[in-house]
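Enquirer: what's the 3D shape of this:
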Amino acid sequence: MGKNARYMTTALVIAAAGLSAAPAKADTQKTIGVTVPYFASPFWKAGLYGVDQAGKEHGYSVIKGDAKDKAELQIEQIRGFIDKKVAAIIIGAADAAAVGPAVEEAIDKGIPVIALSVPPKSDRLTSFVGADNIGMGRLQGICIGRAIGGKGEVGLFAGPDEIWAKLRVTGFKNTMAADFPDIKIIDEKAGGAKDAGIAATNWATAYPGMHGIFTAADTMAVETIKSLGTAGTIETVKVSTSNLNDEAKAALEAGTLTCASLQPAVSMGREAMREAVAAVEGGKVLGRIEAPALLVTKDKVANYDFSKIIAPAGYQP
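Expert: Here you go, the predicted model:
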């Protein structure tokens, strides 16, 4: 395929790749392209809100792309940003390896690339802004350990084969080993949200004396809680998770979710934009920013300040 055929015109790329365009007359040297796995996620929505707010403060327009969890769509969005000659790109990778070559194309064109939470495969990124995933797992470990009195049996649902999930599992396991030696991890499963529900159902039958379940992310916790409710063990099994979508937040308020470790997604989006602006304007680029892990429990959720974590209710990317 020839170069002209491979690269669509800017207008067609914006339409086909699902980009929300900046004003037509915007100076591209004051425009940042942002693409994330999917707008529907509360985490990515919050991150985009932070990007938008910081962009306005620094006088930058933002073009946003929803990859809809498809690497091929995100690749087209990145190439659309290249064609538009944006000043910088902020990306949360839908598939780190698959989008890597497109990211390299952008860097070859002199466009700085800042990774947000999930970095693409490249050793040439200008900066990475992410969460302390090990710390998030550790906070879950402390929460579950204390909630079940420092001894007992827990199941571990590790989530997908992604670096963020692996790090959370590492933080949890290290905490169990170091701080709660009388707690035994009786089984470990991996997969997506539906798999978590299936694992919880099986564990409720196989381990009737189980005291707790670690889940890598909120969608998994929601399915776990549903399964425990059906099995009639929701009152005796403590569930922890990371992140807090609407269903998980409701479960936390109801007490069926014991706790959630959080990453300040709004603040992370703001920091990603700050790094992008610094790269464009010759300011100080930190290169790597790791946001601290936070913990919220049932007794704190009613009065918790979510302004650094969740986008306002009316915000739409």
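
Enquirer: shaky segments in the stretch 51-200 of the chain?
Expert: Low-confidence segments of the stretch 51-200 of the chain (pLDDT under 70): none present.

Enquirer: mind listing the helices for it?
Expert: 71-84, 96-108, 133-147, 163-179, 193-206 (DSSP state H, counting those that start in this stretch).

Enquirer: which one of those helices lies closest to residue 56?
Expert: helix 71-84 (19.3 Å; Cβ to Cβ). (Glycine included, C-beta is placed from N, CA and C.)

Enquirer: quick one: buried residues of that closest one?
Expert: The neighbour-count check on helix 71-84 (16 or more other Cβ atoms under 10 Å) flags 71, 73-84 as buried.

Enquirer: Of the helices of the stretch 51-200 of the chain, which is nearest residue 301?
Expert: Distance to residue 301, taken as Cβ to Cβ, is lowest for helix 133-147 among the helices of the stretch 51-200 of the chain, at 13.0 Å.

Enquirer: got the angle between the closest one and helix 163-179?
Expert: Relative orientation of helix 133-147 versus helix 163-179 (axes from the mean of the first three to the mean of the last three Cα atoms, to 10 degrees): 40 degrees.

Enquirer: what's the spacing between helix 133-147 and its chain's center?
Expert: Its chain's average C-alpha position is 18 Å from that of helix 133-147, according to Cα atoms, centre = their mean, to the nearest Å.

Enquirer: and if you look at stretch 300-308?
Expert: Here the centre of stretch 300-308 is set off from its chain's centre by 19 Å, with Cα atoms, centre = their mean.

Enquirer: buried ones in it?
Expert: Neighbour-count burial for stretch 300-308, counted by 16+ other Cβ under 10 Å, picks out 301, 304, 306, 308.

Enquirer: nearest to residue 60, of these?
Expert: Distance ranking of these against residue 60, using Cβ to Cβ, places residue 308 first at 20.8 Å.

Enquirer: Put the alpha carbons of stretch 141-154 into PDB.
Expert: Output of stretch 141-154 as PDB, limited to C-alpha atoms (Å, rounded to 0.1, in the frame of the first residue of the first chain):
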ATOM      1  CA  GLY A 141      -4.000  -5.900  51.500                       C
ATOM      2  CA  ILE A 142      -4.000  -3.800  54.600                       C
ATOM      3  CA  CYS A 143      -7.700  -3.200  54.300                       C
ATOM      4  CA  ILE A 144      -8.600  -6.900  53.900                       C
ATOM      5  CA  GLY A 145      -6.100  -8.000  56.500                       C
ATOM      6  CA  ARG A 146      -7.600  -5.800  59.100                       C
ATOM      7  CA  ALA A 147     -11.200  -6.400  58.100                       C
ATOM      8  CA  ILE A 148     -10.800 -10.200  58.700                       C
ATOM      9  CA  GLY A 149      -8.800  -9.800  61.900                       C
ATOM     10  CA  GLY A 150      -5.400 -10.700  60.500                       C
ATOM     11  CA  LYS A 151      -6.100 -14.400  59.900                       C
ATOM     12  CA  GLY A 152      -8.200 -16.600  57.600                       C
ATOM     13  CA  GLU A 153      -8.500 -17.500  53.900                       C
ATOM     14  CA  VAL A 154      -8.800 -15.200  50.900                       C
END
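
Enquirer: ok, of the buried residues of stretch 300-308, which one's closest to residue 52?
Expert: Minimum distance to residue 52 across these is 14.7 Å, recorded for residue 308 (Cβ to Cβ).

Enquirer: Residue 297 is in contact with residue 146, isn't it?
Expert: No. The pair residue 297 / residue 146 is not scored as a contact, 10.0 Å apart, by Cβ atoms under 8 Å.

Enquirer: re the thing from before, and the buried residues of stretch 300-308 as CSV, adding pLDDT and secondary structure?
Expert: Output for the buried residues of stretch 300-308, formatted as CSV (pLDDT from 0 to 100; DSSP: H, G, I helix; E, B strand; the rest coil):
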residue, pLDDT, secondary structure
301, 92, helix
304, 93, coil
306, 93, coil
308, 92, coil
